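**Student:** here you go, sequence then predicted model.
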Amino acid sequence: MRRTPALFLTLIILLAVLSGFFIYPKGIGQKLLPWRLGLDLVGGSHLVYQVDLSLVEPKDQDSVLGGIRDVIERRVNLFGVSEPQVFIAKSRNEANLIVELAGVKDISEAIKQIGETPLLDFREVEQVGTSTTFVQTNLTGRYITGAQVTFNQTTQAPQVSLSFNDEGAQIFEQLTEANVGKPIAIFLDNALIEVPTVQEKISGGEALITGRFSLPEAKKLVERFNAGALPAPVNLISQQTISASLGTDSLKKASIGGLIGTILVMIFMVVYYRKLGIFASLALLIYILLTLGVFKLIPITLSLAGLAGFIITIGMAVDANILIFERMKEEKKIGLKGASLLDKGFGRAWPSIRDSNVSTVITAVILYYFTSSFIKGFALTLLIGVLISMFSAITTTRLFLKVFLKEKVRT
């Protein structure tokens, strides 16, 4: 039992040391897995597109915007753009599509492709020997009036319902009549998204696409149909280029600010709590190394907002230690010593630590799922930092105390 805390502590320290080599920007870790830096740190281009929703019904707008965002992400990825950030900023009846291209200098061709409205089309499938050929038809997304998720009344399986206008209904009827028992391929931006098989001639301008897809997959398919079907052109209204030197300067300032903040926190802990403060400071250093290692391993695209979230957690990481140490002082006044003092200090401080961190976790989750990518970066680093800081305070600091204060705290 006495060797167990020392063993666990040794493993944590070794993991922190390995993490230090892994995160060092000029070491072997950078060659294995480079840091992913955001637009505001590495420089690049910030593009703003206006999405024209004037001809789109309000009930279809969210689906159309989601589909357009998905299409633009795939377009940018085809050009090999590093870590693109694509998100929608919507207010009332106006919507902007924001594209951040970190590290990109010459983006003229990418801008040309991004600026085109998604194109949806239907193609016949011909099997020639072992090869498959897709034959273009005159049925395109402009004939579709809408798509939505429905459910099979018997099996409750999700399916996709398509509606065509009068002209599209006639074209679709002729197409299905000529391909009964055969597949029809559906392409979006020349990318195959679905190959349903025609069961019978379909009249009336209504069609159902069934398959073994989940509800999220059906929703994604509906978004893609609506993005390529409904008239919502995108137009470039703003382009801003951020220099790499400005990003490098911001990164240096953020790093220096974080370093100064960490040193000040450690000085306070050592001056106020003496030996306990030394152990808390060592645990804080381990926390920083492990957290940065997790950021790089996931990997997270670090921006200034993300760095701000991480720096905040450095101060929060010692909050738990302060609660624990203050509780240990109170328990010591009533005569507790050794293992009892340590256990009571950690045990009675835990509810406060848990509640404060849970509230922060909830806030971070809400920010991540209901805001833009700028705030998402802050929320994600805050969330991960808080979770690791709880481990650091409850586990790492406690192991330090058990191992190095064994004459007072026996296991």
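**Tutor:** Good, I have the coordinates.

**Student:** tally of neighbours for the residue nearest to residue 33 when sequence neighbours are not counted?
**Tutor:** Spatially, and ignoring its direct neighbours in sequence, residue 33 is nearest to residue 296 (6.2 Å; Cβ to Cβ, 6 or more residues apart in numbering). Where you see a C-beta, it was placed from the backbone N, CA and C, and this is true even at glycine. By the measure other Cβ atoms under 10 Å, the count of residues near residue 296 is 21.

**Student:** over to the one 3 residues further on?
**Tutor:** In terms of burial, residue 299 registers 13 neighbours under the definition other Cβ under 10 Å.

**Student:** can you pull the contacts of the residue lying closest to it once chain neighbours are set aside?
**Tutor:** Of all residues not flanking residue 299 in the chain, residue 36 sits nearest, at 5.1 Å (Cβ to Cβ, 6+ apart). Neighbour list for residue 36: 83, 296, 299-302 [criterion: Cβ atoms under 8 Å, 6 or more residues apart in numbering].

**Student:** which helices and strands does the helix or strand residue 281 falls within pack with?
**Tutor:** Element membership of residue 281 [criterion: DSSP states H and E] is helix 275-297. Counting contacts by 3 or more Cβ pairs under 8 Å, 6 or more residues apart in numbering; DSSP states H and E, helix 275-297 is packed against helix 3-23, helix 244-273, helix 304-333, helix 373-391, helix 397-404.

**Student:** ok so, going back, the residue nearest to residue 33 against residue 35, yeah?
**Tutor:** Yes - Residue 296 lies in contact with residue 35 (Cβ atoms under 8 Å); the separation is 6.1 Å.

**Student:** coming back round to it: okay if I get the helices and strands packed on helix 275-297 as a markdown table plus mean neighbour count, mean pLDDT and distance to residue 215?
**Tutor:** Shown next, in a markdown table, are those (neighbours: other Cβ atoms under 10 Å; pLDDT from 0 to 100; distance: least, Cβ to Cβ, whole Å):
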| stretch | mean neighbour count | mean pLDDT | distance to residue 215 |
| --- | --- | --- | --- |
| helix 3-23 | 15 | 88 | 39 |
| helix 244-273 | 15 | 85 | 40 |
| helix 304-333 | 20 | 85 | 31 |
| helix 373-391 | 22 | 86 | 24 |
| helix 397-404 | 22 | 84 | 44 |
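
**Student:** the ones you listed: which one's closest to residue 130?
**Tutor:** Residue 130 lies closest to helix 373-391 among the helices and strands packed on helix 275-297, at 44.0 Å (Cβ to Cβ).

**Student:** circling back: any idea which of the helices and strands packed on helix 275-297 gets closest to residue 104?
**Tutor:** That would be helix 244-273 among these, by Cβ to Cβ, at 10.9 Å.
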